Each structure stands twice: as structure tokens, then as C-alpha cells.
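**Q** Make a model of this:
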Amino acid sequence: MFDILVYLYETYYRPDACPDTVALTKKLSAVGFEQDEISEALDWLTVLADTTNSLVNAPAVDQQEPRASKGFRIYASQESAVIGIPAMGFIQFLESANLLDSQQREIVIERALAINESPVPLDKLKVIVLMMLWSQGKEPDMLMFDELLLSDQESEPRLLH
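**A** Numbers count the residues shown, from 1 in each chain. Here you go, the predicted model:
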């Protein structure tokens with residue numbers, strides 16, 4: 001499924017550039033993706049779009065900063081078991097660097113919980129973040145782009161100071 005998501009990101013710069021579902025399914029099949037993977041990826045993307053629309057279109061609680069959260073996200077035990085410490089740390093990093101807002105964080109968490117892997121590998125979480133931004137028609141800034149595309153094996157260990 002993640003290979004298809006990356007392919008879509010690289011091929012269709014914006015989600016509105018994608019053809020309709022039938023045509024997209026045919027194109028993905030012609031490229032060599034398996035039908036069950038295509039269905040899984042398209043279902044995942046449909047729920048991503050629905051979740052994004054419901055959160056983005058929800059009425060703002062604070063009219064001055066409708067998408068800002070001043071609180072700290074506490075994960076339920078089921079969430080932390082599925083997402084895993086490295087992925088939770090990466091989400092916290094993106095949010096503390098103001099690269100994700102609280103609604104985007106919740107979309108990422110919801111979509112991470114929807115995959116059938118526990119704990120969620122960091123490389124897959126990065127694809128989830130990238131696809132969340134893609135679905136919103138947003139470009140990741142350069143810092144985020146580097147974080148999302150750097151391979152953990154290729155990069156040097158990072159220090160917090």
C-alpha cells in the first residue's frame with residue numbers, strides 16, 4: 001500500500017490532479033500494482049480525505065487561532081502500543097517545530113492507527129504525514145521535506161543539543 005501512496009505523491013503533485021477512481025485503478029494496475037494493494041490504498045486515501053474534510057470543516061472553538069493547540073497530547077494505551085515510541089516522538093517533533101498543527105496531528109494518528117502494523121515503522125509514518133499534507137494540497141516546508149525524505153539508515157545520528 002505504501003508503495004502506491006508514494007507513487008501517487010510522485011506522479012500526481014496534487015490530489016485533484018488524480019483521475020477518477022476507475023481510471024486511477026486501471027493506471028495503477030497497468031504500472032504493476034496488485035489489485036488488493038490498490039483497493040487498500042484507495043480506501044485508505046478515501047478515509048484520509050473524509051477525516052481531513054470533517055476536521056478542517058469543523059467549527060473553530062477559538063476564532064483567533066482555530067487550529068492551534070496549547071495542550072500536550074496524551075496517548076491512550078492502545079494508541080501508544082500501535083503507534084510506538086519512535087513514531088510518537090516524531091509526531092511530537094513535527095508539532096513542536098510548528099510543522100503540524102493539532103488537527104493535522106490527529107489526522108496522522110488516526111491514519112497511523114488504520115494500518116495493520118504495530119508498532120508503526122517510522123518510514124511509514126513519514127509517508128502518512130506526507131500523504132496527509134498532500135491530501136490538504138499543502139507543500140511541506142524544507143525542514144519537513146528533509147525530515148520526511150531522509151532515510152534513517154543514511155542520515156547521521158542526531159543530537160538534541
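
**Q** which residues touch the longest helix anywhere in the chain?
**A** Ordering each helix of the chain by length in residues (DSSP state H) puts helix 35-56 first. Residues from elsewhere that reach helix 35-56 (Cβ atoms under 8 Å, 6 or more residues apart in numbering): 1, 3-5, 8, 15, 21, 24-25, 28-29, 103, 106-107, 110-111, 114-115, 131-132, 135-136. C-beta coordinates here come from the backbone N, C-alpha and C atoms, glycine included.

**Q** How about the secondary structure of residue 98?
**A** coil (DSSP: H, G, I helix; E, B strand; the rest coil).

**Q** circling back: which positions in the longest helix of the chain come out as buried?
**A** Residues 38, 41-42, 44-45, 48, 51-52 are the ones in helix 35-56 that count as buried (16 or more other Cβ atoms under 10 Å).

**Q** what comes up buried for stretch 120-133?
**A** Neighbour-count burial for stretch 120-133 [16+ other Cβ under 10 Å]: 120-121, 124-133.

**Q** would you turn the residues you listed into a markdown table with secondary structure, distance to residue 72 and pLDDT?
**A** Below are the buried residues of stretch 120-133 laid out as a markdown table (DSSP: H, G, I helix; E, B strand; the rest coil; distance: Cβ to Cβ, whole Å; pLDDT from 0 to 100):
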| residue | secondary structure | distance to residue 72 | pLDDT |
| --- | --- | --- | --- |
| 120 | coil | 20 | 94 |
| 121 | coil | 25 | 94 |
| 124 | helix | 24 | 93 |
| 125 | helix | 19 | 94 |
| 126 | helix | 22 | 91 |
| 127 | helix | 26 | 91 |
| 128 | helix | 21 | 94 |
| 129 | helix | 19 | 92 |
| 130 | helix | 25 | 90 |
| 131 | helix | 25 | 92 |
| 132 | helix | 21 | 92 |
| 133 | helix | 23 | 90 |
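
**Q** Pull the most distant pair out of those.
**A** Spanning the widest gap among the buried residues of stretch 120-133 are 121 and 133, at 18.9 Å by Cβ to Cβ.

**Q** What ranges in this structure fall below the confidence cut-off?
**A** Within the chain, the segments meeting pLDDT under 70 span 56-70, 141-161.

**Q** Show me what the strand or helix carrying residue 94 is packed up against.
**A** For residue 94, the element it lies in under DSSP states H and E is helix 85-96. Applying 3 or more Cβ pairs under 8 Å, 6 or more residues apart in numbering; DSSP states H and E, one finds that helix 85-96 makes contact with helix 102-113, helix 122-135, helix 142-149.
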